[in-house]
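Asks: sharing a model prediction with you, sequence too.
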Amino acid sequence: MSTLLTKENIAILIACVSLVFSISIFVYNLITQRSNIVIQIYGVRSCADVIMFDMSFVNKSRLPILITRISLDYMGKIIDCEAISTKTAEYTNSQGLEVISRREEYSKAFPIALTSLGGDYGIILFENVQEPLEDSTTHLTFLIGTNRGKIIQMKLELPPGWVETRKGWIR
C-alpha cells in the first residue's frame, strides 16, 4: 500500500487531474463563447428595385457580437444592404385637417451591436435590386459579416404569405 502513495505517484495523479480539468474548461469555453447568431425574417416588402426585410437578430453566445455587413445572395448576385439608416415609411394619422400623430420608420444602421445573450430587431433595406423576388421564393441566402472573422452564410425562410403583404405595399 505504501508503494502506491509515493511522491511521484501523487504528482502524476495531480498532473492527470489538472490536465482533465484544463481540457474540460477549454471545451466548455469553446462551446459557450463561439459565435452563435439566430436571424429570422418576420416580413418582406418590395417594390420596383427595393426590398425591405423585417428581421430579428439574437446573439446566443456569451460574448458580444457586432454585425458589420449583411448581403443578399440572389440569383447569383451579391447585393449589399444599405449601411446608413434610411427613411422607409411615414405614417400620418389625421382627423379632418388636423394631424394627430406622425410616425416614421427607418432602416437599421450598421454596425448592429448585439450584447451577450441579447437581441435586436429592425428593417434591413436592399436598394438597386435588379431582379424582383419571385413569388415562388421560400428561402433566401444571406451573408452575415461579424467582428468574429469569417462571413457566416445563412439560408433563411421567408414568412408564409409574404407575397400577399408585398403586393399591397407602394413606395
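Replies: Cool, got the structure. Residues are numbered from 1 along each chain as shown.
Asks: from here on, contacts and neighbour counts on C-alpha atoms
Replies: Noted.
Asks: and the gap between Asp54 and Val17?
Replies: 51 Å (C-alpha to C-alpha, to the nearest Å).
Asks: more neighbours, these two?
Replies: Set side by side, Asp54 and Val17 show more neighbours around Asp54, with 17 against 11, by other C-alpha atoms under 10 Å.
Asks: so this structure: which segments form each domain?
Replies: 1-32, 37-167 (automatic domain parsing).
Asks: quick one, which of those is packed in tightest?
Replies: Of the domains of the chain, the one with the most neighbours on average (mean count of other C-alpha atoms under 10 Å) is domain 37-167, at a mean of 16.
Asks: so for stretch 12-32, what's the average pLDDT?
Replies: Taken as a whole, stretch 12-32 carries a mean pLDDT of 89.
Asks: would you confirm that Asn128 contacts Ser46?
Replies: No: between Asn128 and Ser46 there is no contact under C-alpha atoms under 8 Å: 11.4 Å.
Asks: longest helix in this structure, by residue count?
Replies: Under DSSP state H, the helix in the chain containing the largest number of residues is helix 7-32.
Asks: what's that one packed up against?
Replies: For helix 7-32, not one helix or strand is in contact under the criterion 3 or more C-alpha pairs under 8 Å, 6 or more residues apart in numbering; DSSP states H and E.
Asks: check the offset of it from the chain's centre.
Replies: 36 Å (C-alpha atoms, centre = their mean, to the nearest Å).
Asks: which SSE is immediately downstream of it?
Replies: strand 37-47 (DSSP states H and E).
Asks: what strands line up against the next helix or strand after that following strand, and which way round?
Replies: Next helix or strand after strand 37-47 toward the C-terminus (DSSP H and E): strand 50-59. Each strand paired with strand 50-59, and its direction, by DSSP bridges: strand 37-47 (antiparallel), strand 119-126 (antiparallel).
Asks: so for Val58, which of the ones you listed sits nearest?
Replies: Minimum separation from Val58 across the strands paired with strand 50-59 (C-alpha to C-alpha) falls at strand 119-126, 4.1 Å.
Asks: least trustworthy helix or strand in this structure by mean pLDDT?
Replies: helix 162-167 (a mean of 65; mean pLDDT, DSSP states H and E).
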